[in-house]
Structure formats: structure tokens, C-alpha cells
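Novice: Return a 3D structure for these sequence lines:
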Amino acid sequence: MQDLPFRSAKELASLVRRKKVGALELLDLYLSRIETHNPALNAVVALDVEGARKRAKAADRALAKGKPWGPLHGVPMTIKESFDVKGMPTTWGLPAYADNIAPRNSVTAERMEAAGVVIFGKTNVPSWLADWQSYNPVYGTCNNPWDLSKTPGGSSGGSAAVLAAGLTGIDAGSDIGASIRNPAHYCGVYGHKPTMDICAGRGQALPGVLSGSDIAVVGPMARSADDLDIALTAMAGPDSIEAGAWQLRLPPCKKKALKDFRVAVVLDDPNGEVDREIQDRLQELATFLSKKMKVKVADSGPDIDTTEAHRIYIHLLRMATCGRQTDEDFARNTAIAQALPAEDDSYYARMMRANTGSHRDWLAWNEKRRHLQWAWHEFFQSYDILLCPAASTTAFAHNHEGNRWDQKIIVNGKPVSVIDQMFWAGYPGVVYLPATVAPAGLSPSGLPIGVQIVGPFGGDRSTIRFAQLLAKEWHGYEPPPGYL
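Specialist: Below you'll find the predicted structure:
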């Protein structure tokens, strides 16, 4: 079965349950592929071969007794390095934590194991999870399987790379600045950024940290939208500290066909200019939906000032991560922020002001966000789904020189700040909305393009359902050349 490594997790679980392949056999297949392909990709950065083989053997024994563990019984799984997995390193790519070994599982690892997976490895990330490239001084640089000279994205870049290359069955990532969505787009796989707070993030943090962060979520990554649906069911729900007070009941999506959806499309924005090859591909999708599938499609977005919306996102994003500063960092950055000219509206200036802002300042920006949330709510009274880019370009060449905000990418033939792509991260992210990225085909240069499918608050099943139907009717995952 040449295509076995590229099957969806749902299909792999079915094969295991029907005893067409054993859990241990499947694990050893992926370990063999990692041995072959990972030296060039550097996507898998830690393995627990002994522990995984022990669990895979237990999975086979349980199945022999007619006692499957869950919907993903026996499926080998890798997970983003930032998630705690008992006995494995959690470093976030930081040398200071190079020797940190997790004493227990994260909630995500715990819940995915309850669904039946066999976690066997961890995947590469950028330092602090703070880049759209995945490289760090602990593990080095992760490469894109479609083109090793290019980034797989970040911060869940290793996760997307192993999925695309057929080195794992399923994975999980985290997202505050498109860290699930951007790698899925760059590598041609599926990723889901859930509605804020529906998946408990405990154990996806630096040692000793229990509280979550504004905007940040954890969510599934996979080779199929079916897998996103299964994994989200496994991952979602309150943490044990809140479980006595509330339960999660995501509304099901009752739509059976693409034509049942009311679809809006946004292809470009001045705050995050999109390369023509991505706009053209997403326009092909819009035309296909309208002409072939008889979907009601409108060129429309929420009634918001997108420049102001992007400003709100960047400010709240930088405030969300400002707790990482040491006292010395904070004092130095405060002095820098206070010395900035009032007219300086650069990204660096906005970042410094946000990094050192007061709680009163945060409350004012949060009030602005609340107005955005209501505008999106009104928008989704008329539409079920909004389609938009996940990023401004396809995967770009590795560039580790200088500050991120000074780096450039080429959009429509001209250099622009790589930070501009953050617009498409914050468009739905700052207002806590669910967004699924699904493969939309290849660019003329042969690199993956993803479409970002945004839904209303709690509309996770609808965005995933739309991705499932797209795979059936239009386009889905395809392996990169050289990995079959």
C-alpha cells in the first residue's frame, strides 16, 4: 500500500480497527519514513520510540480483546514541541529550557491519547513560537517538504511539514498569529484555529505557567478535514477546573452540500496586500462555487475599518505576549516607548507601546475589540462562511537575518514587510472566531495555496464541514513530490 503513510487519520484508524494493519506496524512505518526524510526536513526534533512502541503494542492487544480506545485507536501522532508530553522535552526552542522534561501530559496530549492515538514525537518550532519560520538555536531550521529552501511556516511549522511529507498520522498546534493556519497554507495541509477558549490550553506553555493568553488557542492539524472534526471533538471542552460549571455544546452543521452555504469572499486588503497568484486561485474557487455548485457568493466582508481592526489586533497581540519580558526588558522597553516620537506609527513603535502598556490601556483596546465583535456578529446574520487568504504569499525563502519586522517578502513584484501578512492572522483571530485552512491547490510555481474559511463564534463545525465538502467537490490534500 504505497499511499498508506498519506492516508487520513480517520482512514488509518479504520484500517487498524479492521486489522488490515497493526498499530505497531503503522508506527514502525512512520519511524522508518522519519529516518529517511527527516534529516533533510528537520521537522521531528524529539522521539520516544520505546514508549510509543509499548503503547502501540498495548493498542494491538486491546483491539484483539475487542476493546478499542477511541475513534483514533492506534494512529501514530506527533505534536508541536511546545505541548508537554510526559518524559519528553518542552523547550519552545529556547536554550534556557533545553533540559526541561515535562513531568506530565498537556490537556491536548491527554485528550488525544484518550481518543486512541500513539504519540511518538515532537515537531520543530521557532524560538518563543514567535515567527512565521520555524528555526531555533536548540533544534535548528525546519524546511518545507515542497521546497527545502523555503519555510514551512510557523510557529507550528514542523507539524505541517511532517503531515505534508507523510511522516505522521495527525498532529496538533497552537495559534495566536496564524501559527496553525499559516503553516497549513504553506505546506498544503489542513489546520483549524478553534473559537477562543473551547479547547483547554493547559500544558502548552513554559514551565510553571498555568494561565492562558489572550487570542491564543490550541487546535488540530491533519491531512483531511474529517480528521479535524474528529480531533476537535477529542480536544474541545473545559479544563477540569471549570468542568463542574459549564459544558461545551458546539452547534452541529446541518448543511449537506456547498450550495446550502451563504458565502462571502474577501481576496485582498490594503493592510495585507495579497499576491496575485493567491488571489487568482481563490477567485477560481469563488467562481467554481458560484457557477458549478450554485452557491450564493458575494464579494463582501464585515462592515469594519480594516486599518483600525489591524491596529487593534497588533496592539492586543503584543500586549498578550508582553509577560515574557524580564523586569530589565520591561524597564528598557518602557524607556524606548516613552522616547518614541508621537508621530512614529511604525510596527516597532506600536509593538513597544503595547509591550509596556497599562491594564487601563488594555481595557480601552479591548472595548474597541468588542465593537469589532459585534460587527462580525451582524455580518454572520447574512452569511454562513467568509473565505479569505491565509497569508499574502506562498512559502517564502528562509531568512534569519535581522529583526522580523525589518524582513521583506515579495508581493506582486515589490518588497513589503513580512509583518503585513499578520493582517490575515488577526482578521478573524482578534475577535476570537474559528477559522479552518484547507488546501486550495498549487501556485504556478508549484507551491501550496490554502483558503481560510472563517465562521461565526462557535461555528467550528460549519467551517470544518465546508472544508470537508471542498475536498469532495474541488480540491484536497496532495503529497509533495519526492515523498511517495
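Novice: Strands of the stretch 301-450 of the chain, residue ranges please.
Specialist: Taking DSSP state E, counting those that start in this stretch to define them, one finds strands in the stretch 301-450 of the chain at 385-389, 408-411, 414-417, 435-442, 448-454.
Novice: right, so of these, which gets closest to residue 214?
Specialist: Taking CB to CB as the criterion, strand 435-442 is the member of those that comes nearest to residue 214, at 16.7 Å. Yep, even glycine has a C-beta here, placed from its N, CA and C like the rest.
Novice: Residue 136 contacts residue 129, doesn't it?
Specialist: No. When contacts are counted by CB atoms under 8 Å, residue 136 is not listed as touching residue 129 (9.7 Å).
Novice: and for the two, which residues touch both?
Specialist: Between them, residue 136 and residue 129 share these contacting residues under CB atoms under 8 Å, 6 or more residues apart in numbering: 92-93.
Novice: give the contact list for the residue nearest the centre of the chain.
Specialist: Within the chain, one residue has its C-alpha closest to the average C-alpha position: by CA atoms, centre = their mean, that is residue 180, at 0.9 Å. Counting by CB under 8 Å, 6+ apart, residue 180 makes contact with 156, 173-174, 191-193, 219, 221, 437.
Novice: if we can go back for a sec, could you dump the strands of the stretch 301-450 of the chain into TSV with mean pLDDT, distance to residue 79 and mean neighbour count added?
Specialist: Listed next are the strands of the stretch 301-450 of the chain as TSV, based on pLDDT from 0 to 100; distance: least, CB to CB, whole Å; neighbours: other CB atoms under 10 Å:
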stretch	mean pLDDT	distance to residue 79	mean neighbour count
strand 385-389	98	27	25
strand 408-411	97	29	17
strand 414-417	96	32	13
strand 435-442	98	18	27
strand 448-454	98	21	28
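Novice: Tabulate the ones you listed (TSV), appending distance to residue 82.
Specialist: Formatted as TSV, the entries for the strands of the stretch 301-450 of the chain read as follows, by distance: least, CB to CB, whole Å:
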stretch	distance to residue 82
strand 385-389	26
strand 408-411	25
strand 414-417	26
strand 435-442	19
strand 448-454	22
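Novice: closest to residue 27 out of those?
Specialist: Once CB to CB is applied to the strands of the stretch 301-450 of the chain, the stretch that comes out nearest is strand 435-442, at 26.0 Å.
Novice: Packing partners of the closest one?
Specialist: Under the contact criterion of 3 or more CB pairs under 8 Å, 6 or more residues apart in numbering; DSSP states H and E, strand 435-442 touches helix 181-187, strand 190-193, helix 225-235, helix 276-287, strand 448-454, helix 460-473.
Novice: partner strands of the helix or strand following the third one, parallel or antiparallel?
Specialist: Proceeding N to C from helix 225-235, the next assigned helix or strand is strand 262-265, under DSSP states H and E. Note on strand 262-265: by DSSP bridges, its sheet partners are strand 296-299 (parallel), strand 385-389 (parallel).
Novice: Now do the domain split for the protein, please.
Specialist: 4-255+460-473, 308-366 (automatic domain parsing).
Novice: Just put those in CSV and tack on distance to residue 419.
Specialist: Listed next are the domains of the chain as CSV, based on distance: least, CB to CB, whole Å:
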stretch, distance to residue 419
domain 4-255+460-473, 9
domain 308-366, 5
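Novice: Of all the ones you listed, which one is nearest residue 417?
Specialist: Ranking these by their distance to residue 417 (criterion: CB to CB) puts domain 308-366 first, at 7.0 Å.
Novice: So for that closest one, first residue to last residue, what's the gap.
Specialist: 13 Å (CA to CA, to the nearest Å).
Novice: Hmm, residue 163 is touching residue 222, no?
Specialist: Yes. Taking contact to mean CB under 8 Å, the distance of 6.6 Å between residue 163 and residue 222 places them in contact.
Novice: Which residues does residue 296 form beta bridges with?
Specialist: Beta-bridge partners of residue 296, counted by DSSP bridges, are residue 262.
Novice: how near is it to residue 257?
Specialist: Noted for residue 296: a distance of 13 Å to residue 257, by CB to CB, to the nearest Å.
Novice: Now do residue 347: how many residues are near it, please.
Specialist: Residue 347 has 17 neighbouring residues, counting by other CB atoms under 10 Å.
Novice: ugh, wrong one, I meant residue 29
Specialist: Other residues within reach of residue 29, judged by other CB under 10 Å, total 18.
Novice: and the gap between it and residue 5?
Specialist: When distances are taken as CB to CB, residue 29 and residue 5 turn out to be 6 Å apart.
Novice: where exactly do the strands run in the stretch 51-200 of the chain?
Specialist: Secondary structure of the stretch 51-200 of the chain (DSSP E, counting those that start in this stretch): strands at 76-80, 118-123, 135-136, 140-141, 171-175, 190-193.
Novice: would CSV of these with mean pLDDT and mean neighbour count be doable?
Specialist: Converted to CSV, the strands of the stretch 51-200 of the chain look like this (pLDDT from 0 to 100; neighbours: other CB atoms under 10 Å):
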stretch, mean pLDDT, mean neighbour count
strand 76-80, 99, 29
strand 118-123, 98, 29
strand 135-136, 98, 23
strand 140-141, 98, 16
strand 171-175, 98, 31
strand 190-193, 98, 32
